[in-house]
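Participant: next comes the sequence, and after it the predicted model I'd like to discuss.
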Amino acid sequence: MGAPAKTPALPGGRTPHPGLLRQPPSPLREGYSLIRDRVREVVRSFPSSASIGEVIRKLNPILNGWCTYFRVGNSNRTFHQIDWAVLSEL
């Protein structure tokens with residue numbers, strides 16, 4: 001039998017709470033689908049004669065909130081997918 005895994009020590013010899021050692025969550029496929037649907041809904045709510053600036057002003061708070069929620073996890077690939085989805089909708 002091997003030796004048990006050693007918990008990394010913090011300054012002062014303290015050990016972190018076991019829950020803090022887990023990797024933060026990444027956006028699941030469901031979260032990705034929801035934000036894509038929301039983007040599609042917002043973009044299609046504007047007439048085709050609307051300026052891109054108006055659409056972007058409406059999308060910014062939605063995308064910023066979603067990115068803020070997921071930025072701590074493994075989200076890089078999903079962020080790129082969302083970026084592509086938004087550009088393809090515009």
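Facilitator: That came through fine.

Participant: going forward, measure contacts between C-alpha atoms and count neighbours the same way
Facilitator: Fine.

Participant: helix, strand or coil for T78?
Facilitator: helix (DSSP: H, G, I helix; E, B strand; the rest coil).

Participant: next one: it from L59, what distance?
Facilitator: In this view, T78 and L59 are 17 Å apart by Cα to Cα, to the nearest Å.

Participant: just V43 next, same as before
Facilitator: Look at V43 and L59: by Cα to Cα, they are 8 Å apart.

Participant: the more surrounded of the two?
Facilitator: The neighbour comparison of V43 against L59 (other Cα atoms under 10 Å) goes to V43, with 20 against 16.

Participant: in which helix or strand does that one reside?
Facilitator: helix 29-44 (DSSP states H and E).

Participant: for that helix, which residues meet the burial criterion?
Facilitator: Residues of helix 29-44 classed as buried by neighbour count (16 or more other Cα atoms under 10 Å): 32, 35-36, 39-40, 42-43.

Participant: C-alpha coordinates for it, PDB please?
Facilitator: The C-alpha coordinates for helix 29-44 follow below in PDB (Å, rounded to 0.1, in the frame of the first residue of the first chain):
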ATOM      1  CA  ARG A  29     -24.000  21.700 -21.600                       C
ATOM      2  CA  GLU A  30     -27.300  22.800 -20.100                       C
ATOM      3  CA  GLY A  31     -25.800  26.200 -19.100                       C
ATOM      4  CA  TYR A  32     -24.300  26.600 -22.500                       C
ATOM      5  CA  SER A  33     -27.600  25.900 -24.200                       C
ATOM      6  CA  LEU A  34     -29.400  28.300 -21.900                       C
ATOM      7  CA  ILE A  35     -27.100  31.200 -22.700                       C
ATOM      8  CA  ARG A  36     -27.200  30.400 -26.400                       C
ATOM      9  CA  ASP A  37     -31.000  30.400 -26.400                       C
ATOM     10  CA  ARG A  38     -31.000  33.700 -24.400                       C
ATOM     11  CA  VAL A  39     -28.600  35.300 -26.900                       C
ATOM     12  CA  ARG A  40     -30.700  34.100 -29.800                       C
ATOM     13  CA  GLU A  41     -33.900  35.400 -28.200                       C
ATOM     14  CA  VAL A  42     -32.400  38.900 -27.600                       C
ATOM     15  CA  VAL A  43     -30.900  39.200 -31.100                       C
ATOM     16  CA  ARG A  44     -34.100  38.200 -32.800                       C
END
